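Enquirer: dropping a prediction and its sequence here:
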Amino acid sequence: MNTRNSLWLGGLLLAASCGGGGGGSGGSGAAAGPKAPLNLVAGVRGGDVVLDWSASAGAVEYRVYGSDQPDVVRDAANLIATVTTPGAALSGVPAGVPVFVAVSAKNSKAESALSAEVSLTLGPDPLLGDQWHLLNLGQAGGTPGEDVNALAVWNAGITGDGVRIAVVDDGLELGHEDLSGNVVPGKSHNYLDNSTNPSTGSHGTACAGVAASDDGNAVGGMGVAFDARLVGYNLLEELTDSNTVNAMTRDAAANHISSNSWGAPDGFGIPQPSANSWRNAVESGIVNGRGGLGTVYLWAAGNGALSAQGATDNSNLDGQANFHGVIAIGAVGDDGVKAFYSENGANVLVVAPSMGRANHAITTVDRTGPIGINDGTNPNDYADTNYTNTFNGTSSATPLAAGVVALMLEANPALTQRDVRWILAASARINDALDPDWGVNGVGLPINHKYGFGVVDAEAAVALAQAWVNVGPQKRVLTPLRQPNLPIPDADLVGVSDVITVANSNITELEYVQITFDADNHSFSGDLEIVLTSPSGTTSVLAEVHAQPQGSVPYDAFVFGCARLLGEPADGVWTLSVRDLAPQDVGTFKSWRLELFGS
Amino acid sequence: MKTTLLVLAVLAAGACTANTSEQESDSATLGRSAPVEAPNSQGRPMKNPTELASETALSRSIVLLSGGRERTLWISDDVVVEFQPDSAGRDALLRSDAAAEELGQPQKGVRLWRVAAGLGTDSFARNASLDAPRFSAVLHETQSPRSPMLAPKGGVIATFPSTWTRAQVDTWLAARGLSVSAALVEGVNMVRIDTAPGLEAIELANRLVESGELVDCEPDLWREASKR
């Protein structure tokens, strides 16, 4: 768990109940006192400056010193608060004026030296306090700390500057008051009229706001990468394969990130392969995009986990979200628990905050005027219809992750798209720690079919990005087709399995695995559970038994994806186990093969 | 000398406010991009569409050759799609079936129409396209007319071997009465070839695949999608 979470909870709530504020005097600074607090960070919540730091052993109180000038001196004139546990919120700070703050720790004998100093200038973004996904203090009833943890990154001056995000969606309102400052002029695209103005989409506009709406401009809230640049492509207004190819590769030299909050229709529970042309376009992007570093494609994992159609969809049935060239993003709530709609999947790399509570989902921009998500009819939404507090879904989680990637790429512009995959996974934070699906893969990384490697953590991701050494050239190994042709026993708990032995692959650290599985004569694919076991013993559920209320589509050489094996070696015995766990339909485990990606 | 300009009070914002521990109804929290919560189907998976009393399973299909496999798509009995909809398209369609019902626009670039079931949507679309070449039968992923939709907008996407020059591509296509309308990806021999909308585009793509000389060829499909 992120220690910051509990600190916020303990600090703010306890300070309140104890009436922990109050004056104090300068300390003695004797050596016998506790050590100066570490990890001081400052952020904003509404009109308040909020502070957090790590506890110092032996401290019985903390003293907060502040000034409008740097190099704060620990004296009575600068003492602004005394609290008994880490964490404080300071009111009355005027906007536009820098605040410099440091903290000391004190016990009965002495007061420590001051901590490292932090500074912050309040921007007058009036809705910022509602953006719990950026800083969750429990303001919406959620769990403090269950956010994207970007405060320290912003305080370090990393804001997405110089990074360009393509929002591929139903459009992007270029002139929106909270987006226009970050929009790249003349580089968006409208597929309906071939113009550079795709301003009609409310969904894409909201997504853009989550990633990179402006800060400090006296309107709305802000995006996680509030200085990143934006372009919008309204692909979803005419979603044809040729338009999709264009959207995936358009301006590939200049776009760093492609954020995609869409996909094959959710909730049907059928395998939906991607178009060959789309896969070729993404292959081109990851190899040639961004000057050869590769476009970073982020993809919403899907909202069909508990669908109106009655199917329990799995992200791995989506031939785009499970492709090795994209990073699939799931969603969690403001309590850190899986959003009920977010689809499980062995292909899901990480999750990001998205689902809020009543009247308090994601606050972001909306089409100007009452023509978007907030049309003025929902009494719980903002009176200012240029904004909404109801955005939601893996749609919202994806641009949030895209914004975090923008922060990473500003911190280290040399990262390849493969590096980004590694860093997001290795820096993710375990959430919902009691969930029984948590385990570790063969190299000890935490994994969960609901959460991938965990919740995106901007601070940890940027820190890792700054120290990251690029992974070596990627190796790809396609195994020969295995054709076991095993009849799958109907309604049987044992099932059948087959093995593939990989040798001399020269892949010591896997990045992704694609599994082509064929049981094309099974008349109801929803009956099948398919589990892959890696040579390291990691089991990954590729398909679960599920409903298909609008009819079935067979696994006809369908390609599944697996992100969970990051870092494991490829050589050894791979096992694919197939069980038909429901009566009535039967078929044959005809063939399978692996495509291994790694270095 | 530093100046303390602020009179700052420690706030424990939120701590004195009611902090309900009960999760409010999830369904009340949803934005428009997320689904409405529905009871999960448990137990035996729901089977084919014939189990849905109100559904009529589609009976006509077309095979799409994709990645060396035969993929079956099901032809709607009564829904056609109009691409780049406008009043001229509406007029053309209503001339073919004055009782056609407009079903809406799932995307701004497409409009769906319900036409008389007995007409055969593929031949209906072909006839309507004589006036304005922008109609196709709607296809479905399964036999259920409620399953995801797609439709050939017209045109095919062909990928030629990387060793072929553009001149070779042009010559090969010209021999078949075809031509490149657009190169789709720089550095990849992927081009778009214009055709009329409708099932003819699938048939052409299949023929080009069967030539054995292309890396890949698919119809340029319009697809229904979820905003997530």
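Expert: Looks like it came in fine.
Enquirer: residue ranges for the helices of chain A, please.
Expert: Counting by DSSP state H, chain A has helices at residues A:3-8, A:14-17, A:151-155, A:202-212, A:241-249, A:276-288, A:394-411, A:417-427, A:458-467.
Enquirer: chain B is nearest to which of those helices?
Expert: Minimum separation from chain B across these (CB to the nearest CB) falls at helix A:14-17, 2.5 Å. Where C-beta positions appear, they are placed from N, C-alpha and C, glycine not excepted.
Enquirer: which secondary structure element of chain B has the lowest mean pLDDT?
Expert: The weakest-scoring helix or strand in chain B, judged by mean pLDDT, DSSP states H and E, is strand B:9-11 (a mean of 28).
Enquirer: how about low-confidence regions in chain A?
Expert: When residues are selected by pLDDT under 70, those of chain A lie in A:1-31, A:44-48, A:92, A:94-96, A:122-123, A:308-310.
Enquirer: what's the domain layout of chain B?
Expert: With domains defined by automatic domain parsing, chain B comprises B:57-149, B:154-223.
Enquirer: nearest to residue A:529, out of those?
Expert: domain B:57-149 (20.7 Å; CB to CB).
Enquirer: how about that closest one and chain A, touching?
Expert: Yes: interface with chain A: domain B:57-149 contributes B:57, B:66-69, B:71, B:83-84, B:107-110, B:141-144, B:146-148 (CB under 8 Å from any CB of the partner chain).
Enquirer: return the distance of residue A:175 relative to residue A:185.
Expert: For residue A:175, the distance to residue A:185 equals 11 Å [CB to CB, to the nearest Å].
Enquirer: oops, could you answer that again for residue A:364 instead?
Expert: Taking CB to CB, one finds residue A:364 at 22 Å from residue A:185.
Enquirer: neighbour count winner among the two?
Expert: Per other CB atoms under 10 Å in any protein chain shown, whichever of residue A:364 and residue A:185 has more neighbours is residue A:364, with 31 against 9.
Enquirer: what's near enough to touch that one?
Expert: The neighbourhood of residue A:364, defined by CB atoms under 8 Å, 6 or more residues apart in numbering or on different chains, consists of A:206-207, A:209-210, A:213, A:221, A:387-388, A:391, A:396.
Enquirer: check residue A:518 too.
Expert: Counting by CB under 8 Å, 6+ apart, residue A:518 touches A:555-558, A:590-592.
Enquirer: same thing with residue B:162?
Expert: B:188-189.
Enquirer: ditto for residue A:313
Expert: For residue A:313, the contacting residues are A:266-269, A:302, A:304-305, A:307, A:343, A:546, by CB under 8 Å, 6+ apart.
Enquirer: redo that, cut-off 7 Å
Expert: Residues near residue A:313 by CB atoms under 7 Å, 6 or more residues apart in numbering or on different chains: A:266-269, A:302, A:304-305, A:307, A:343.
Enquirer: for the residue lying closest to it once chain neighbours are set aside, give me the backbone phi and psi.
Expert: Closest residue to residue A:313 apart from its sequence neighbours, by CB to CB, 6 or more residues apart in numbering or on different chains: residue A:304 at 3.0 Å. Backbone torsions of residue A:304, given as degrees, to the nearest 10, read phi -100, psi 20.
Enquirer: please apply the same query to residue B:74.
Expert: phi -100, psi 140.
Enquirer: need the contacts of residue A:364 in TSV (columns: neighbour count).
Expert: Compiled in TSV, the contacts of residue A:364 are given as follows (neighbours: other CB atoms under 10 Å in any protein chain shown):
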residue	neighbour count
A:206	38
A:207	39
A:209	32
A:210	34
A:213	35
A:221	27
A:387	29
A:388	29
A:391	32
A:396	34
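Enquirer: count of neighbours near the residue nearest to residue A:294 when sequence neighbours are not counted?
Expert: Excluding the flanking residues, the one nearest residue A:294 by CB to CB, 6+ apart is residue A:417, at 3.3 Å. Close neighbours of residue A:417, defined as other CB under 10 Å, add up to 23.
Enquirer: again with the one 10 residues further on
Expert: When counting by other CB under 10 Å, one arrives at 23 neighbours for residue A:427.
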